[in-house]
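Enquirer: sequence plus the predicted model coming up.
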Amino acid sequence: MTSPSARVRLLVLAIGVVGLTGCHARYKKMAGKIGSVKPVVAAPGAPIVDVDGVSGGNASETAVEEVVDAVVGVGLAVKATKVQARLQRAVDPDEVGAALTASILEAPGKGALPHSLGPQGRHEMAVYLVQYGVGVDAFGPSIDTTIRVRIDRKRDGKRIYRATTSCSEPLADSRALVVPGVEQVQTLQSLAVVEAMNREELRAATIRGVERCGQEVVERMVRHAR
């Protein structure tokens, strides 16, 4: 079963893939000729906590479920606000930006690219951390990261490559969290897992999720260049 928010994310990704087909074909054609690429990470914003169901609720079959849905939804919103404040105190965006840059430059798969990827590259690869932080739903908490990249040719600024990569790193085994009942109650359990994490654990998990997504960006470039 896929949560509503997950279905929306999958739809957005599907639309993105259709729109970028031509761009990937261009990259495949030009990748072996461009020589070298330099990743430049734009300054990230603050991390967020994205909790499924905090602004609405699920369709309920009974009046009792509707009341539970409403009450739990308010509780989720309050808790999510507190957790996000703690997450933002724990995570330094400058450290995240540096970690993302390093993860791309040191990605295990970069040797399979038909061009080099390094700090002195000729063509600039703009890297945007669109969103990062904690995602919470009935299936368990995770570190969710979305990264958008674009490579422009130095000579004339022509776009060589563009792609968006979304990653999710589970923070807990969702099978241990799911219990019979209202879906928002399950989400509340997931949020409790995040609440129990201290600042260092939140910082380490967030940076690790961003680093792994940076490595996935490079893996996707390898696949698109083939």
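Expert: Received, thanks.
Enquirer: burial of residue 135, as a residue count?
Expert: Residue 135 has 29 neighbouring residues, counting by other Cβ atoms under 10 Å. Using the backbone N, CA and C atoms, a C-beta is placed for each residue, glycine as well.
Enquirer: which residues does the closest residue to it other than its chain neighbours contact?
Expert: Nearest non-adjacent residue to residue 135, counting by Cβ to Cβ, 6 or more residues apart in numbering: residue 144, 3.9 Å away. Taking Cβ atoms under 8 Å, 6 or more residues apart in numbering, we find residue 144 in contact with 50, 131, 132, 133, 134, 135, 166, 167, 168, 169, 209.
Enquirer: return the subset of the residues you listed lying in helices.
Expert: Those of the contacts of residue 144 mapping onto helices are residue 209, per DSSP state H.
Enquirer: most neighbours, which of the contacts of residue 144?
Expert: Among the contacts of residue 144, the one with the most neighbours (other Cβ under 10 Å) is residue 135, at 29 neighbours.
Enquirer: pretty sure that one contacts residue 143?
Expert: Yes: between residue 135 and residue 143 there is a contact at 7.5 Å, judged by Cβ atoms under 8 Å.
Enquirer: who touches both of the two?
Expert: Joint contacts of residue 135 and residue 143 (Cβ under 8 Å, 6+ apart) are residue 168.
Enquirer: flag the shaky bits of the chain, pLDDT-wise.
Expert: Across the chain, the ranges flagged by pLDDT under 70 are 1-23, 53-74, 173-182.
Enquirer: which residue ranges of it form strands?
Expert: Using DSSP state E, the strands found in the chain span residues 36-41, 48-51, 116-117, 123-137, 140-152, 159-170.
Enquirer: hey, C-alpha coordinates of the first one in CSV?
Expert: Extracted C-alpha coordinates of strand 36-41, given in CSV (Å, rounded to 0.1, in the frame of the first residue of the first chain):
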residue,chain,number,x,y,z
SER,A,36,35.3,17.7,-17.0
VAL,A,37,32.5,18.9,-14.8
LYS,A,38,32.6,20.8,-11.5
PRO,A,39,29.8,20.5,-9.0
VAL,A,40,28.7,23.7,-7.4
VAL,A,41,26.3,23.3,-4.5
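Enquirer: now do that strand: distance to the chain's middle.
Expert: Averaging C-alpha positions (Cα atoms, centre = their mean, to the nearest Å) puts strand 36-41 20 Å from its chain's average.
Enquirer: identify the residue nearest residue 27 in space, chain neighbours excluded?
Expert: residue 161 (4.0 Å).
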